[in-house]
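**Q** Sequence and computational prediction follow.
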Amino acid sequence: MKLGKYYHFIFNQEQPGTIYVQKSIDSELLMVEVLERKNPIGLSAERKKYLSEEVSKYVQNPVKKFFYCNF
């Protein structure tokens, strides 16, 4: 679908990757998916250990330090 022929766009932060489009203000509202949804695989145990032991010591904010050490 080419978006160049549409002139009205609606974005919603609760639906990332989805755009609602219209050719004119009175035309039908169409939903367009623009992102491919992927499930993240996460970090390996080795990477988590490295971040916790080596990187977190440079984080000064205790709230952020707790967060980054316990993800």
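**A** Right, received. Where do you want to start? Note that this is a predicted model, so its numbers are computed, not measured.

**Q** what's the helix ranked longest in the chain in contact with?
**A** Determined from DSSP state H, the single longest helix within the chain is helix 62-69. Residues outside helix 62-69 that contact it (CB atoms under 8 Å, 6 or more residues apart in numbering) are 51-52, 55-56, 59. No exception for glycine: its C-beta is placed from N, CA and C like everyone else's.

**Q** Which among these count as buried?
**A** residue 56 (16 or more other CB atoms under 10 Å).

**Q** Take the contacts of helix 62-69 and write them to JSON lines, including pLDDT, distance to residue 42 and secondary structure.
**A** Below are the contacts of helix 62-69 laid out as JSON lines (pLDDT from 0 to 100; distance: CB to CB, whole Å; DSSP: H, G, I helix; E, B strand; the rest coil):
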{"residue": "51", "pLDDT": "84", "distance to residue 42": "12", "secondary structure": "helix"}
{"residue": "52", "pLDDT": "84", "distance to residue 42": "14", "secondary structure": "helix"}
{"residue": "55", "pLDDT": "85", "distance to residue 42": "17", "secondary structure": "helix"}
{"residue": "56", "pLDDT": "83", "distance to residue 42": "18", "secondary structure": "helix"}
{"residue": "59", "pLDDT": "85", "distance to residue 42": "20", "secondary structure": "coil"}
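
**Q** got TSV for the contacts of helix 62-69, with distance to residue 6 too?
**A** Compiled in TSV, the contacts of helix 62-69 are given as follows (distance: CB to CB, whole Å):
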residue	distance to residue 6
51	43
52	47
55	45
56	47
59	45
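
**Q** which one of the contacts of helix 62-69 is nearest residue 37?
**A** In terms of CB to CB, no member of those lies closer to residue 37 than residue 51, at 26.2 Å.

**Q** all helices of the chain, in order?
**A** With DSSP H as the criterion, the chain has helices at 45-50, 62-69.

**Q** got a markdown table for these, with mean pLDDT and distance to residue 2 too?
**A** Listed next are the helices of the chain as a markdown table, based on pLDDT from 0 to 100; distance: least, CB to CB, whole Å:
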| stretch | mean pLDDT | distance to residue 2 |
| --- | --- | --- |
| helix 45-50 | 89 | 41 |
| helix 62-69 | 77 | 42 |
